[in-house]
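Engineer: Provided below are the primary sequence and the corresponding predicted coordinates.
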Protein chains: 2
Amino acid sequence: MSGEDAPAQQQNAVDQKQETKPAEEPKAEPPKTESAEAAATPAATTEKAPEEETFTYRALVLTGYGGYDKVKLQVKKGKPALKAGEVLVRVKVCGLNFADLMARQGLYDRLPSPPVTPGMECSGVVEAVGEEVTDRKVGDKVMVLNRFGLWQEVAVVPASHTFLIPDGMSFEEAAALPVNYITAYLMLFDFGNLRPNQSVLIHSAAGGVGIAATQLCKTVKDVTVFGTASASKHEAISQGGVTHTIDYRTKDYVEEVRKISPKGLDIVLDPLGGSDTHKAYNLLKPMGKLITYGAANMLAGQRKNLIAVAKNWYHQFSIHTLSLIQGNKSVCGFHLGYLDGEMELLTQAMNTILDLYKQGKVKPRIDSTWHLEQVGDAMRKMQERNNIGKVILTTEPMPEEEKKEEAKKEDKKDDKKKDDKKKDDKKKDDGKKEEKKDDKKKEEPKKEEKKEEPKKEEEKKEEPKKEEK
Amino acid sequence: MSGEDAPAQQQNAVDQKQETKPAEEPKAEPPKTESAEAAATPAATTEKAPEEETFTYRALVLTGYGGYDKVKLQVKKGKPALKAGEVLVRVKVCGLNFADLMARQGLYDRLPSPPVTPGMECSGVVEAVGEEVTDRKVGDKVMVLNRFGLWQEVAVVPASHTFLIPDGMSFEEAAALPVNYITAYLMLFDFGNLRPNQSVLIHSAAGGVGIAATQLCKTVKDVTVFGTASASKHEAISQGGVTHTIDYRTKDYVEEVRKISPKGLDIVLDPLGGSDTHKAYNLLKPMGKLITYGAANMLAGQRKNLIAVAKNWYHQFSIHTLSLIQGNKSVCGFHLGYLDGEMELLTQAMNTILDLYKQGKVKPRIDSTWHLEQVGDAMRKMQERNNIGKVILTTEPMPEEEKKEEAKKEDKKDDKKKDDKKKDDKKKDDGKKEEKKDDKKKEEPKKEEKKEEPKKEEEKKEEPKKEEK
């Protein structure tokens, strides 16, 4: 499982890391596809075709950069071939990450050009193993971490990119764990060097990384966690371990932190970018560490918002060493997507996290589970920050009854799309107005979604065992 | 000893850290002085003066920014008053640091304007304690860390700035330890988060921080140390623990590191600044940490070299967060001089270092010991990089015999000064030529100094106990 025995392809990925054009990978080749509807009706294959032909699976495919509808459910034909060191995983649950949302807008350079299947993490069962794979066998329950390509029913990945799911962990938890927890772990304990009695600011404390980071902070004695989130999420994040909750929509978080911790903070995790990175830097106390790991401020609206991108670029944080020296400060950048060649490091981190899971010290919190058909809604929920915890997709077939409801919703969605379009257009106006509209927008879809979701989640609760088999 | 009980004056220093004008401190007030020669002849004080008047002590005073001769030995009159929380230390040995050299040229903003006594560290014996001091008593052997003011026979400092010297440690070692070892410790273990199997590049590996950092690296399992130094010092640094020695004068250190460690390094300590910071950044592997802690490249010649300063400023490293994120890298700045308000942190680091000393894992290496009268030569040795280990000053009176020799040398020195002036002027020419001249220059004074030094160091070896009493 060490980086050393990762297949050559992976090793190359390390060397090519600095390139902006990602190396093409076999899974990115245009698959034989037909629409999901066509596959659902019995195919007219009268002759006995070889397994390569009869083997079909559903896959989400990013067909071009743009809105939620750019990710389409397709059916692929033909069993993917296994190279040495690879395993074929029958995917059960997939995790959604901010990088997936960025990728859809064309803002993330670690994916090949569309058409391509997104997805950095999933859980599932090993269905076949390639040559030279010694530490995985058919039937192993695994979670997978990959640069992309995991939002489908079947995925071929290097065995070194899989981790055995410990007893007692559901496929849902397993799909929610890798990206968020490894990210939070390496930021806090590798760059951040978190120690007892220190203080940490966690933005979006109700998001996937936020919840993971909060739990990991609580594994260290007397760590004070400042967490930002909208007021409705405060109870949840308090219960999760946040010491001081801050509603960033109604209060100046810098002021709030200074009130409680006048000298500043030991660690700030910054997923926002732009001007928030400056604020974070100024909040550091001597020997403090700022760890920036995204540019969520760039994501405004479902399509690429050039104003937001430009604004983020303009406010891009740039730091002189003299300022760092006089302040005794550290600025770190982190993104798991650029670490895919470092499997040894990631495996070490994962092993520590799994130990903490077994000790009951960390536990992924699932916000909501969606069918592959609902990936648009799932992405919307995350992008509009209506989630508390992880948004995941299940590959379980959607019950016929739900499909009918979904079809009805499609009509509504079309209206919604028009609506979104209008909003997006309006947004291009100006900065101040934008924020207000954002707030309003976030509240609206929430109400709509509430009608559908509880049902879905109740369903899950009643039969969680079924999926774990 | 914690930062909490540091006197208010110290606490304020934290808040004022960002200001360029350092707060004035009592020790900076113009003292009653007379020349050292005048004091050496018996004073004609026939009346019985109060202790405040009869109490005299020698002090090195920076009289203005410029060359080595700007630091003059003066005699101060009057016993310094003790405030609550302070102790009076009879200084035995003082350490020299790069910041002192920068300060002399006016390149270090943590000292008040001249006239002022430089010196960030010393060892000595507590001679008096102020009110509210509970953890120090008269007779305690201590090492002292202060923002400035320690190059004198008597120093008044907050008790929280003193550390008890452990049994078996000489005053020489004690004066050589605080700045170099705390600097190396916090860089490697706080910012660097050094762990087993990692690799570290240490520039100026034969310097005070370099030797301390090497020893501290060796306290962690299987750490590979790359150390740069001129070839003549390679044997010494190899014995000290450097795994791969690199002669930066004849070889491209980046190339040399890549040959052995193609993927790069986990930690680079950068005391140079300018273009070397860029090289350091590019040498980092994913999750690597660059810790920059100086701008030694600015020090070219004994006087402020505006070209070197401008060049350093021009090549000043500035980093965008996007580059940090895509590279998964960390850039940290460190300078102990700006941490003087963080006594709790420094005390913790010191306690760990002293434990390592007691276990025989670290031990300061003394390059040479000089009398206060010889401070110019001491600074020159350090600035021209002719030292292996720490350059220190002893407050012991210079034997009359040596004084005569010193007087003879003064004539020579005058010639040398002229010589230096010439060299400095020539240096202003251009970059390439400059480096070659530097090399030549560094070799010349070495030969001259060799004649005098061995004697001095033999003397020390014969009677080291005398000073420790």
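Structural biologist: Nice, I can see it. On a predicted model such as this, the values are computed, not experimentally measured, just so you know. Residues are numbered from 1 along each chain as shown, chains lettered A, B, ... in the order given.
Engineer: Can you pull the residues of the stretch 51-200 of chain A lying near chain B?
Structural biologist: Those residues of the stretch 51-200 of chain A that sit near chain B, judged by C-beta under 8 Å from any C-beta of the partner chain, are A:186, A:190-191, A:193. (Glycine included, C-beta is placed from N, CA and C.)
Engineer: With respect to chain B, which of those residues is nearest?
Structural biologist: Of all these, chain B sits closest to residue A:193, with 4.5 Å by C-beta to the nearest C-beta.
Engineer: Double-check that closest one against residue B:194; I have them as touching.
Structural biologist: No: taking contacts as C-beta atoms under 8 Å, residue A:193 lies outside contact range of residue B:194: 10.0 Å.
Engineer: what about residue A:251, neighbour count?
Structural biologist: Here the number of neighbours of residue A:251 (other C-beta atoms under 10 Å in any protein chain shown) works out to 12.
Engineer: Wait, a helix at it?
Structural biologist: No: with the criterion set as DSSP: H, G, I helix; E, B strand; the rest coil, the secondary structure at residue A:251 is coil rather than a helix.
Engineer: Which pLDDT value goes with it?
Structural biologist: Residue A:251 carries a pLDDT value of 94.
Engineer: follow-up on the earlier one: which of the residues of the stretch 51-200 of chain A next to chain B tops the neighbour count?
Structural biologist: residue A:191 (27 neighbours).
Engineer: quick one, what contacts that residue?
Structural biologist: Taking C-beta atoms under 8 Å, 6 or more residues apart in numbering or on different chains as the criterion, residue A:191 is in contact with A:289, A:291, A:330, A:332, A:334, B:193, B:287, B:289, B:330.
Engineer: Can you turn the buried part of the residues you listed into a PyMOL selection?
Structural biologist: Buried members of these can be picked out in PyMOL with the line below, counting by 16 or more other C-beta atoms under 10 Å in any protein chain shown:
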select buried, (chain A and resi 289+291+330+332+334) or (chain B and resi 193+287+289+330)
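Engineer: nearest to residue A:114, of the contacts of residue A:191?
Structural biologist: Nearest to residue A:114, judged by C-beta to C-beta, of those is residue A:334 at 26.4 Å.
Engineer: Contacts only, for that closest one.
Structural biologist: Each residue near residue A:334 by C-beta under 8 Å, 6+ apart is listed here: A:183, A:186-187, A:191, A:291-293, B:325, B:328.
Engineer: what's it sitting at in phi/psi?
Structural biologist: Geometry field for residue A:334 lists phi and psi as phi -140, psi 140, criterion degrees, to the nearest 10.
Engineer: Just give the nearest non-adjacent residue to it, would you?
Structural biologist: Distances taken as C-beta to C-beta, 6 or more residues apart in numbering or on different chains put residue A:293 closest to residue A:334, at 4.3 Å, once the chain neighbours are dropped.
Engineer: Check the one you found and give its pLDDT.
Structural biologist: With respect to pLDDT, residue A:293 has a value of 93.
Engineer: Pull the contacting residues for it.
Structural biologist: For residue A:293, the residues meeting the contact criterion (C-beta under 8 Å, 6+ apart) are A:183, A:187, A:209, A:269-271, A:333-335, B:325.
Engineer: could you dump those residues to TSV with pLDDT?
Structural biologist: Putting the contacts of residue A:293 into TSV (pLDDT from 0 to 100) gives the following:
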residue	pLDDT
A:183	97
A:187	98
A:209	97
A:269	98
A:270	95
A:271	92
A:333	95
A:334	96
A:335	94
B:325	92
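Engineer: now, which of these lie within helices?
Structural biologist: With helices taken from DSSP state H, the overlap with the contacts of residue A:293 comprises A:183, A:209, B:325.
Engineer: Now do the contacts for the last one.
Structural biologist: Shown in contact with residue B:325 (C-beta under 8 Å, 6+ apart): A:292-294, A:333-335, A:338.
Engineer: Please identify which helix or strand holds residue A:74.
Structural biologist: Secondary structure here is read from DSSP states H and E; on that basis residue A:74 sits in strand A:71-77.
Engineer: For stretch A:79-98, C-alpha coordinates in PDB please.
Structural biologist: These are the backbone C-alpha positions of stretch A:79-98, laid out as PDB (Å, rounded to 0.1, in the frame of the first residue of the first chain):
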ATOM      1  CA  LYS A  79     -16.000  -4.200 -18.900                       C
ATOM      2  CA  PRO A  80     -13.000  -2.000 -18.200                       C
ATOM      3  CA  ALA A  81      -9.700  -3.800 -18.600                       C
ATOM      4  CA  LEU A  82      -7.400  -4.200 -15.500                       C
ATOM      5  CA  LYS A  83      -3.700  -3.400 -15.700                       C
ATOM      6  CA  ALA A  84      -1.200  -4.700 -13.200                       C
ATOM      7  CA  GLY A  85      -1.600  -3.200  -9.800                       C
ATOM      8  CA  GLU A  86      -5.200  -2.200 -10.400                       C
ATOM      9  CA  VAL A  87      -8.500  -3.300  -9.000                       C
ATOM     10  CA  LEU A  88     -12.100  -3.000 -10.200                       C
ATOM     11  CA  VAL A  89     -14.500  -1.600  -7.600                       C
ATOM     12  CA  ARG A  90     -18.200  -2.000  -7.700                       C
ATOM     13  CA  VAL A  91     -19.100   1.500  -6.300                       C
ATOM     14  CA  LYS A  92     -21.700   1.800  -3.600                       C
ATOM     15  CA  VAL A  93     -21.500   5.400  -2.500                       C
ATOM     16  CA  CYS A  94     -19.700   8.500  -3.900                       C
ATOM     17  CA  GLY A  95     -18.600  11.700  -2.000                       C
ATOM     18  CA  LEU A  96     -19.100  15.200  -3.400                       C
ATOM     19  CA  ASN A  97     -16.400  17.800  -3.000                       C
ATOM     20  CA  PHE A  98     -15.900  21.400  -3.700                       C
END
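Engineer: Flag every buried residue along that stretch.
Structural biologist: Neighbour-count burial for stretch A:79-98 flags A:79-80, A:85-89, A:91-98 (criterion: 16+ other C-beta under 10 Å).
Engineer: just those residues now: which is nearest chain B?
Structural biologist: Minimum separation from chain B among the buried residues of stretch A:79-98 (C-beta to the nearest C-beta) is found for residue A:98, which lies at 12.4 Å.
Engineer: ok, residue A:67 touching residue A:379?
Structural biologist: No: with contact defined as C-beta under 8 Å, residue A:67 does not count as touching residue A:379 (9.3 Å).
Engineer: joint contacts of the two?
Structural biologist: Taking C-beta under 8 Å, 6+ apart as the contact rule, residue A:67 and residue A:379 both touch residue A:104.
Engineer: Please say which of these two ends up with more neighbours.
Structural biologist: Neighbour totals were compared for residue A:67 and residue A:379, and residue A:379 leads with 23 against 20 (other C-beta under 10 Å).
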